[in-house]
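Student: Task: produce atomic coordinates for the following.
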Amino acid sequence: MTDRFPPGTRVRTFHHDPPHHTRLPRYARGKRGVVVEPEGPAELADVSAQGSAGAPVEQIYAVRFEARDLWGAGDHHVVLDLWESYLEEDRDHER
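Tutor: Below is the predicted model:
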């Protein structure tokens, strides 16, 4: 399994609200962050939580977010472990 997002890659999480379980926190949806490192592959929890056999295996990434970007305040960082399918490269990272 190759790493789609090397450390330092600017990413954005998808802004979606699926009708089923997801491990992408609501407060982090549609937010920009930076990949810290790959954490290794694992079954996609969104599928395995539904009791479905054969959940796809995806790379999980540690992604760092500015607290103020998530909650509007704070001068610290938050790191979340997120599956690859939650992320897209943020090519428009200039704010």
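Student: pLDDT score assigned to R95?
Tutor: The score at R95 is 48. That number is its pLDDT.
Student: and if you look at F5?
Tutor: At F5, pLDDT is 96.
Student: now it: how far from F14?
Tutor: F5 sits 14 Å away from F14, going by C-beta to C-beta, to the nearest Å. Every residue, glycine included, has its C-beta placed from N, CA and C.
Student: just W71 next, same as before
Tutor: In terms of C-beta to C-beta, W71 sits 19 Å off from F14.
Student: now do R64
Tutor: For R64 relative to F14 (C-beta to C-beta), the value is 18 Å.
Student: before we move on, the earlier item: between W71 and F14, who's got more neighbours?
Tutor: Between W71 and F14, counted using other C-beta atoms under 10 Å, the more crowded position is F14 (14 against 11).
Student: Might you report the residue contacts of that one?
Tutor: L24, R29, G30, S85, Y86, L87, E88 (C-beta atoms under 8 Å, 6 or more residues apart in numbering).
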